Structures are given as C-alpha cells and as structure tokens.
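[1] return atomic coordinates for the entry below.
(2 chains)
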Amino acid sequence: MVEIAILAFAVLVILLTIGVPLPFCFGAGLMVMSLLGDATMKGTMLWGFNQLATPVLLAVPLFVFAGTLMSVSGIAGSLLRFVNLFVGRIRGGLGVVASVSCAIIGAISGSGLTGIAAIGPLLIPEMERQGYPRAYATALIANSSILGLLIPPSVTMIVYGWVTETSILASFLATLGPGLLIMLNFSLVNLVMARKFPLVLDDPKPFNEAIREGAARTVHALPALLMPVIILGGIYGGIMTPTEAAAIAVIYAIPVGFMIYKGLTWRTFIESGKESATAVGAILIMVLFSLMLSQIYVMEDIPQALVDAIFEITTDKVLLLIMINLFLFLIGMVVNDVTAIILTAPLLLPLMAAIGVTPIQFAAIMGVNTAMGGVTPPYASILYMGARIGKVPFTQLIKPAMILLLFGYLPVVVLVSVWPDLSEYIPGLFGY
Amino acid sequence: METVFRYTLTLLITIVAGFQAVQVVSRYVFETPLMGLEEMALIPTMWLYILGAVNASRENTQIRANVLEVFLKTDRARRWLAVVSETISLIISGWLTWWAWDYFKYARRVWKESPTLYIPTIVYESALFLGLAVMTLYVGWYLLKHLQALLAGGEAHRVDTIPEPVEVTEFELLREQQKGEKFHG
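    Below is the predicted model of the structure:
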C-alpha cells in the first residue's frame, strides 16, 4: 500500500506540474488509491463533505470577504496618512510606512495580496516622487504584503490549524512574532537602502499645523484601526470564535465602507462578494479532495511510514529542519500558500512531533516558508501583482525583491526553526 | 450567467455572515443562543463553497501550478499543454462526479434530517453532485475551446510572457477602485 501511496503522490505532483487544476490533482491521487489500492470512495466522500461543514472553516470566506470590503472601501489612504505621521519625516520613512501599513492591513485581511493591491497604487507613485526607484518601491511593498499571511487573522493559519487539529488561535499567534520581526527587518533594510537613493524630503510643517493635521488623520483612520481591535480583541478576549469574529468584521465593514470611507458602492459590494466567494470556492473544493486523500493516507499509516523512511536517512534534528525548510521553500515556489499547507502539513506533522517540534512552532515554520512562496517565482502571485500595480517589468522586480528577502526575511525563517520561543512565547502568554 | 453568479454568491456570503453575527448578538447581548441557527446556516454555507468552486471553473480560475508552461516558448506548445491538462481534468472530474452521484443517491435513500429543525440534509448534500456535474461541463467546454484553437492551425508564435498565477487577476476590483485616489505624505 505504501508503494501505491507513493505512486498517488507522484501522479499528483506530475499533474500539478503540467497545469491540471489542484482539486483534480488531488482527485487523481484519490483515483490511484481507489483503483489500484483498496481505498474506498464510498465513505470517504461522505466523510470529506461533512468535514467541510465545520464552523471553523467558515472563517476563511468571511475573513477574505471582510478584508476585500475594507480594502475597496478606500481605507488604504487614511492608513498610510496615519502611519506617515510617525515615520514620514525621516529619511527612508516612506519605506517604513509601506512595511507598517502592510502589517496593519494584514491585521484586517487574511490574504497576502490585499496589502500590495490596496497600498501599492497609492504609495508607489509617492515613493517615486520622493526619489525611490520605482522597481524598488514596488518590490518593498510586494514583499511587505506577505505580512498579510503572518499577522493574524490569517487564512493559511486557519487551514493549518484545521488540517493538523491545532488550535486556530494558537496558530494565529505563532506567526505574529515572526511577522512583527519581518516588519522590523524590512523597515531597517529599507532605511539602509534609502541612503543610496537621491531622496527629496518635504519640508516639515509648523508645529501647530502638524498637530492639527495629526489629530485629523488619526480620527479619519480610527474606523479602520478599530477593525483589528474588534477581530483580535473579540477572539482573544474570549468573546467570539474566529468564525464569529470574521462575521462581525463583515458586518462592521459594510457601514464603514458605505458611510465613512464611502469607497464602497453597491457595484463594488456585489463584486467583492463574488470575488471573495469564488476565491474561497476554489480553495475549499481543493481542501475537500486533499482532505479525503489525507484521510486515506492516515488510514493506511502513510505519515508514520514517511517518518520511518526519513529516520533511516538521518535523525539529526538540525539536518531535518534544514531539509524541511528547503522542501517547503521549493514547494512554495510552485504552489500557493494554502495548497502548500494542505499538501504537506498532515504528512510532516508526525515527523515534527518525532523530532520535538511542537505543532505551534511548526505552524510558524509552515507559515513563514509558504508565505515566502508569494514572492519567489515561478508561483510568485504577490510579485506578479506588484509588477502589474507598479507597472514595472517583472524581471526588474526580482533583484530588489531578492535583496529584501535575503536580508529581511530569510534571517527570520532561520530563527523560527532554531529559536522556538519566537513562535511559542506569544501563544504561551495566552495559555497555549 | 455572470450576473446570476455575481448576485447569488454575494447574497450567500452575506447571509452566512448575517447568521453568524445574529448568533453572536443573541448569545452575548440577549444571552439566549438561538437553537437551530447553525443548522439553517449550513445550507447557504455549503452552497456558497460549491457555487464558488463552480464559478471558479466557469471563469477558469481554479488554482493551478503551471510549472511546465513557464518553459514552453510558443503559443502552440502552450495550447497543446492546455489540451492535455483539460483532457486529464475532464476524466478526473467525471470520475469524481460519478462518486458524488453515488453519495447523492445514498443521501436521498437515507433522507437524514437535522436534529433541531428537522431540515432534510439533502438540501445541502446535493450541492456536491450538482456542483461537480456543472464543473465537469465547464472543463469540457474549455477543452473544446482549446481544441478549436489548436485545430484552427496557423504557425507557432513565440511567446515571452510568463504565465501569471490566477490569484493575480482576482483583485482587479481593487486596482480599478483606487485609480482616482492619491496619497501625499
């Protein structure tokens, strides 16, 4: 049966490579297990479909919808102006604004694309006006946009928690520390890089005018800043489940978008609903078939066989962690974040447990590695989005994006593996 | 069809959010959880998932990896790859639909009802078979379109574009929305 399971996985990978839609790749794996092995589809389909009915999974479409609604509402402008109050006047400050604003957008939306889509069109021209190269500005915002997947709430962590039966709340917090560190790193790398650019800074405003403007900007940004407070405060205050918090976020975003920021119109509301539902439908149909395949694998004890096979090669924890990080990095290059998680997390979790990595630390390892896939070609959806928004040829983006990754992101990927407290300390404060 | 999906999906996702919000309000404000609300919410939820997936098939935006396509440098080679990929997809989708039909027959025979409101679960269990059947039809439709383009012949042209992941097109709305807005630090 192990041989058939390996064959099923190989078929899945081959079909994925030639461009078969992911749900059907997992379907092909099921087909191999059913036709060549003795796995039955009868009960598996019933079981899989009923798993989709779990309220936990409902948080995915609702967070995506809430994030899209807030983004089309036009919150980006007021958020940027608010963050700019604090760092805008220092040399390279606008790059810091990019990084911090993407983190705040990340606390509103669960997706990695929202940051670049919402902030890019406003900030790239302004950064260029101040003297930043357009390709660099685009790459910085695209890379910072990854924070959407690391700062809670995060769609990938909901899926991780669900497929590995780990607390969603703990999984959210696992990537918070690494996410904040990456935000800090990007800001510092940007401040260093900015010294090379011929930046022209605006003259400081008179004190009274600055205070008045600061107060006005804060008031205008307040409804947007309240959203993460409602979501995260509701969840970690024990008032709401993540799914309920996501629903409240949707209900909150509608009047805020229509009446306060006024960017939301009837047409954009309908379009947001359709786009969110379609994006989520594409994810969940894939989740259904992958879950069915995982269930068959678990029933055949394949994850344990994988652990035994790997332990025959090495039992060295450091070496295994290096191998797993490299493997996740490569997977992230060819598939999107959610796919990478449902493809690998159930298989690798027993191995992690065997070498003493907790599910919470593994959440962070998975989170930082798969999120990085968004800016590493060929499946670099965030970077492609950046190229479109910044109107920069994709090839020009690669160099600045890789510099930022190398100095801003990769050190955190390494730290997450070697320093468990980075991912476990914050969840520990909340009793996880 | 675009209009039907646009309104149906938005309606479903809003109803689902509404159900959850009502539950929070009834539990924390009125301190009386509404019995059976979860059972009712399951119907729009499951249809939302499946119809979202159907729309992804209709728009041809199902998640793909497209690794091989990056290395193909002519439009003809890419079209051949699309034909192969859609043919395989059609076979697998058909097979999955067959099993979903088997599940549908089972659900109809057993006729389960929800514990509180006695809602027949087939109301949402039927979504899987119907959704997969329509998805298979869309896969067949795209296969025909690729075949048609391939049979139309013509010379192979060199293409330098790198295929973009489908997620990139999903946020068209955001870019369109913010065209007019400006930010000055």
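
[2] and the residue of chain A closest to chain B?
    A:Gly281 (2.0 Å; Cβ to the nearest Cβ). (Each C-beta comes from the backbone N, C-alpha and C, glycine too.)

[3] secondary structure class for A:Lys262?
    coil (DSSP: H, G, I helix; E, B strand; the rest coil).

[4] quick one: B:Thr14 from A:Ala103, how far?
    As for B:Thr14, its distance to A:Ala103 is 28 Å (criterion: Cβ to Cβ, to the nearest Å).

[5] more neighbours, these two?
    Using other Cβ atoms under 10 Å in any protein chain shown as the criterion, B:Thr14 and A:Ala103 rank with A:Ala103 on top: 25 against 20.

[6] so that one: helix, strand or coil?
    A:Ala103 ends up helix, using three-state DSSP.

[7] next one: phi and psi at A:Leu201?
    phi -90, psi 150 (degrees, to the nearest 10).

[8] correction: the previous question concerned B:Arg64.
    Per degrees, to the nearest 10, the backbone of B:Arg64 is at phi -130, psi 160.

[9] surely it touches A:Thr17?
    No: the pair B:Arg64 / A:Thr17 is not scored as a contact, 10.2 Å apart, by Cβ atoms under 8 Å.

[10] comparing the two, which residue is more hemmed in?
    B:Arg64 (27 against 15).

[11] where does pLDDT dip in chain B?
    Along chain B, segments meeting pLDDT under 70 span B:160-163, B:166-185.

[12] from the centroid of it, which residue is nearest?
    B:Ala53 (1.3 Å; Cα atoms, centre = their mean).

[13] past the helix or strand encompassing it, which element shows up next along the chain?
    Using DSSP states H and E, B:Ala53 sits in helix B:37-58. With elements assigned by DSSP H and E, the helix or strand that comes after helix B:37-58 is helix B:75-110.

[14] return the set of buried residues in that following helix.
    The neighbour-count check on helix B:75-110 (16 or more other Cβ atoms under 10 Å in any protein chain shown) flags B:75-76, B:78-79, B:81-93, B:95-97, B:99-100, B:103-104, B:106-107 as buried.

[15] for that helix, the distance to its chain's centre please.
    14 Å (Cα atoms, centre = their mean, to the nearest Å).

[16] who are the packing partners of the next helix or strand after it?
    Once the chain leaves helix B:75-110, the next helix or strand it forms, by DSSP H and E, is helix B:122-151. If you count contacts as 3 or more Cβ pairs under 8 Å, 6 or more residues apart in numbering or on different chains; DSSP states H and E, helix B:122-151 packs onto helix A:41-52, helix B:37-58, helix B:75-110.

[17] kindly recompute the last result at 7 Å.
    Contact here means 3 or more Cβ pairs under 7 Å, 6 or more residues apart in numbering or on different chains; DSSP states H and E; on that basis helix B:122-151 packs against helix B:37-58, helix B:75-110.

[18] out of these, which comes closest to chain A?
    Here helix B:37-58 is closest among the helices and strands packed on helix B:122-151 (Cβ to the nearest Cβ), at 2.0 Å.

[19] does the closest one come close to chain A?
    Yes: with Cβ under 7 Å from any Cβ of the partner chain as the criterion, chain A is reached by helix B:37-58 at B:38, B:42, B:45-46, B:48-49, B:51-53, B:55-56.

[20] could you identify the longest helix within chain A?
    The residue-count maximum for a helix in chain A (DSSP state H) belongs to helix A:266-299.

[21] and the residue nearest the centre of chain A?
    Centre-nearest of chain A using Cα atoms, centre = their mean is A:Leu149, 1.9 Å out.
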